[in-house]
Structures are given as C-alpha cells and as structure tokens.
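> Take this sequence and fold it.
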Amino acid sequence: MTFSIWLSLLTICLLGAMSPGPSLAVVAKHSLAGGRTNGIATAWAHAFGIGIYALVTVLGLAVLLHQFPLLFKTITIAGALYLAWMGLNAIRSKGGVVDRLESGQAVSVLTSAKEGLMISLLSPKIAIFFTALFSQFVAIGNELSSKALIIGTPLVVDGLWYTFITILLSNPKLIDSLKMRAQLIDRLSGIVLILLAVRVVITI
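Below you'll find the model as predicted:
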C-alpha cells in the first residue's frame with residue numbers, strides 16, 4: 001500500500017470518527033459525568049470494537065473479491081454512494097457535532113468501557129461504513145502488511161479522536177471555540193467525503 005493510498009484511508013477513518021452519532025454521545029456522556037479516566041476508557045474500548053469490526057470486514061471482503069468479483073464491485077459502488085451521502089449530510093448540517101455533547105450519571109470505569117465497546121459492536125451504521133470504506137482498499141492491498149494497516153488505522157484513529165474529545169470536554173474554552181466553528185468543520189468534512197467518493201468511482 002502506497003503512502004497516498006494510506007493517506008486516503010486515514011482521511012476517511014478520521015472523518016468517519018468525527019461524524020456525529022451515538023458513539024460521540026456515549027464518549028461525551030462518560031467524559032462529562034465520570035471525568036477524563038472514564039472518557040478515555042470509553043474511547044479505547046470503543047476503538048477495540050472498531051478493530052474487531054475492521055478485521056471481520058476485511059476478511060469477508062477478501063473472500064468476495066476472489067469468489068464474487070461482480071458482487072464486490074457492486075459493494076464498492078454502493079460504498080462510494082454512501083460516502084457521498086455522508087458528505088451531503090455533513091454539508092447540510094448546522095453544527096451537529098456540538099449538539100451530541102451531553103452529560104449523564106457517573107458510573108465506574110469498567111462500566112464506561114463496556115458501554116464504549118458495545119456501542120461500537122452493535123451499531124449498524126459502523127457496519128455499513130466499514131463495508132463502504134474497505135471495499136476500495138481490500139482490492140488494492142493483498143499483502144499482510146496492507147491488511148494490518150487497513151485494520152489498525154481505524155482502530156488507532158478512533159481511539160485518538162475520542163481521547164481528544166475527552167480532553168476537549170475538560171476545557172470549556174475549547175468547547176466554545178468548537179461551537180463557533182462547528183458548521184464550517186461539517187461543511188469541509190462533507191466536501192472531502194464527496195471528493196473521496198468520486199475518486200472511488202473513477203478508479204473502479
């Protein structure tokens with residue numbers, strides 16, 4: 001896998017992690033209610049679940065690529081359309097990232113970790129996202145090192161992003177800054193997702 005291809009993978013993983021959803025809400029809830037330790041436990045348990053999803057998806061798509069190439073190509077096109085749909089939603093968003101930051105009742109670190117893991121493993125959105133994301137990269141990288149990058153990148157990106165969210169929530173000034181720029185962040189993310197979707201279609 002070349003550096004430019006990995007950079008595309010990294011960008012999509014980062015934008016996927018940044019998109020508002022139940023995962024962000026759970027990490028925010030435990031960070032605000034239980035403190036930084038609970039937030040980090042939630043973040044990396046969630047990332048571990050992402051790693052499991054990534055492994056299963058890569059193995060499944062590799063089988064489809066070799067045995068059902070037409071079905072694999074169909075999934076790749078559907079994945080590109082899904083990325084474009086995410087991009088359009090981000091462009092039309094009114095700063096939904098901030099709206100997902102909510103507090104809750106404090107719980108133990110273990111409970112926070114369990115909830116972080118389960119929200120990643122039980123989310124259908126994550127399953128669809130990975131199928132859309134990995135279909136274009138599995139066809140490129142058959143080597144073991146490439147597969148390790150495809151699996152490891154979303155895990156590390158997810159853990160680091162939600163760790164950043166946890167730290168962010170302990171600083172009210174940063175939250176205010178995020179609120180002022182939330183709509184711009186969403187629009188830029190949307191444009192990047194649409195461009196990546198176009199790139200997938202062109203390179204099929």
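
> which ones are touching V107?
For V107, the set of contacting residues under the criterion of Cβ atoms under 8 Å, 6 or more residues apart in numbering consists of H30, A33, G34, N38, E115. Every residue, glycine included, has its C-beta placed from N, CA and C.

> Those into a markdown table, with extra columns for secondary structure and pLDDT?
As requested, the contacts of V107 are arranged in a markdown table below (DSSP: H, G, I helix; E, B strand; the rest coil; pLDDT from 0 to 100):
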| residue | secondary structure | pLDDT |
| --- | --- | --- |
| H30 | helix | 82 |
| A33 | helix | 75 |
| G34 | helix | 78 |
| N38 | helix | 90 |
| E115 | helix | 86 |
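
> do you know how far the residue sitting furthest away from the middle of the chain is from A127?
What lies farthest from the middle of the chain is Q67; by Cα atoms, centre = their mean that is 28.1 Å. When distances are taken as Cβ to Cβ, to the nearest Å, Q67 and A127 turn out to be 21 Å apart.

> F137 too?
With distances taken as Cβ to Cβ, F137 is found 16 Å from A127.

> Contact partners for S23?
Contacts of S23 were listed using Cβ under 8 Å, 6+ apart, and they are H46, I119, S120, S123, I126, Y162.

> which of these are buried?
Among these, those classed as buried by neighbour count (16 or more other Cβ atoms under 10 Å) are H46, I119, S120, S123, I126, Y162.

> Helices - which of these land there?
Counting by DSSP state H, these place H46, I119, S120, I126, Y162 in helices.

> Most widely separated two among those?
I126 and Y162 (13.4 Å; Cβ to Cβ).

> Ranking helices and strands of this structure by mean pLDDT, which lands last?
For the chain, counting by mean pLDDT, DSSP states H and E, helix 96-99 ranks last in confidence among helices and strands (a mean of 51).

> So which residues of this protein form helices?
When assigned using DSSP H, the helices of the chain occupy the ranges 3-18, 22-34, 36-67, 69-92, 96-99, 109-121, 124-138, 144-168, 172-203.
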